[in-house]
Each structure stands twice: as C-alpha cells, then as structure tokens.
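Colleague: make a model of this:
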Amino acid sequence: MTAMKTQLLLCFCLLAQCCLAQSTDGLDDGYFDPERDPIASMVNGRLRLVVSEEVLVRSVVVKLPRVGLVERVDRQEIEGFWWLTLESRHAEDLEQSVFVAVRLKPDPEGRYFADSYWTACTGEGCGGCDFKLQMDGCFCRFDKPGEPGTPGACYQTSSDEPLLVKVPLKSARK
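Modeller: This next block holds a predicted model:
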C-alpha cells in the first residue's frame, strides 16, 4: 500500500510539474519580446494595453532614437486597423514633434501583437505632428513653435521592418 501511495504521489508531482511548465508565458523570462508577447488585448470591446507604456517606449527607442520625452501612448483605430501610437518631443529638439504609429495584428484569442508595418512623423518647425491616411499621412497640427502663423512641416518615414525590439521588463536605473 505504501508503494502505491508513493507512486501516486510521484504521479501527482509529475503532473503538477507538467502543468507549471505549460502555464509559464514568455514574460517569465524578464523580457518583453514583440515576436511572442502581445501588446494589447480586447476586453469588453475596448483595446487595453497588457504591457506597460514604459516598456513599449523603451522597445521603440532602441530603433528610433529621435523619440524623446513621450507625452502620450495610445491606441487608435485607423482605416480598420488598430495602431499603437506614441506622441513625443524630438530627442534633440524639444520644440519639435515625433509621432509614431505601429500597426497591430490580432490573433484569434483577441490579443494584439506588433505588426512589422509602422510609420513615424517627424516635425520640422512643427510643435505637433499627427498621422491620418485621409490627409496622405503626416501633417502638422500647429504652427511653428514661437512663430504663430508660420506653418510647420512633418516628414514621414514608413517601414515594413519591425520597429519594436526585445527589451528587459525592468529598466536599469541610472
């Protein structure tokens, strides 16, 4: 009887070990990896971020260092696709604007991952760039900083190379 209890206990331990191995997701390794980890999830009809804004910003800045002080991270539906958007000041000139939009792709479970397509709008003499397909992409929302009535410009960069990269979930404090 004791041998049977021991075997049963070993079976339960093995089963528990298998369940634990299957339940661990990618975030357990301490990194956000855009190739395996979702950015957002649809909850009650609203797209909610499942990764912190700080981690997403660090993931973008690795490949797009012109992103400076981030003013807003949001989700927008543009032309039938959900996009992760970042509005920021330019890293080298705080009077200039940088707007980044990364297209999101859903999976059957309602999770949204970073697509490889993205676009960035960088201001020149513009305090606030924005992106609308109806306006042929990037445009300047505001006049040149400090010079009312002087229109600014926003230049568009688009790519089908992935923008987000694998980063640690916790940042190294300086």
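
Colleague: how much space between residue 121 and residue 113?
Modeller: Look at residue 121 and residue 113: by Cβ to Cβ, to the nearest Å, they are 23 Å apart. Any C-beta I mention is one placed from the backbone N, CA and C, and that applies to glycine too.

Colleague: the more surrounded of these two?
Modeller: residue 121 (25 against 16; other Cβ atoms under 10 Å).

Colleague: what sits against that one?
Modeller: 97-100, 129-131, 137-139, 154-157 (Cβ atoms under 8 Å, 6 or more residues apart in numbering).

Colleague: of the residues you listed, closest to residue 64?
Modeller: Residue 64 has its nearest neighbour among the contacts of residue 121 in residue 100, at 6.5 Å by Cβ to Cβ.

Colleague: for stretch 32-43, buried residues please.
Modeller: By neighbour count on 16 or more other Cβ atoms under 10 Å, the buried set for stretch 32-43 is 32, 34, 37-41.

Colleague: any idea how far apart the tips of that stretch sit?
Modeller: 21 Å (Cα to Cα, to the nearest Å).

Colleague: residue 67 versus residue 168, what's the distance?
Modeller: Taking Cβ to Cβ, one finds residue 168 at 18 Å from residue 67.

Colleague: actually residue 116, not the one I wrote
Modeller: For residue 116 relative to residue 67 (Cβ to Cβ), the value is 18 Å.

Colleague: buried ones among the contacts of residue 121?
Modeller: 97-100, 129-131, 138-139, 154.

Colleague: name the SS class of the residue nearest the centre of the chain, please.
Modeller: Centroid-nearest residue in the chain: residue 56, 4.4 Å away (criterion: Cα atoms, centre = their mean). Here residue 56 is recorded as helix under DSSP: H, G, I helix; E, B strand; the rest coil.

Colleague: neighbours of the nearest residue to it once chain neighbours are set aside, how many?
Modeller: Closest residue to residue 56 apart from its sequence neighbours, by Cβ to Cβ, 6 or more residues apart in numbering: residue 73 at 6.4 Å. Neighbourhood size, residue 73 [other Cβ under 10 Å]: 18.

Colleague: just residue 81 next, same as before
Modeller: With other Cβ under 10 Å as criterion, residue 81 counts 15.

Colleague: repeat that for residue 168.
Modeller: 12.

Colleague: hang on, the earlier thing: residue 116 and residue 67: who's more crowded?
Modeller: Taking other Cβ under 10 Å, residue 116 and residue 67 do not tie; residue 67 has more neighbours (23 against 14).
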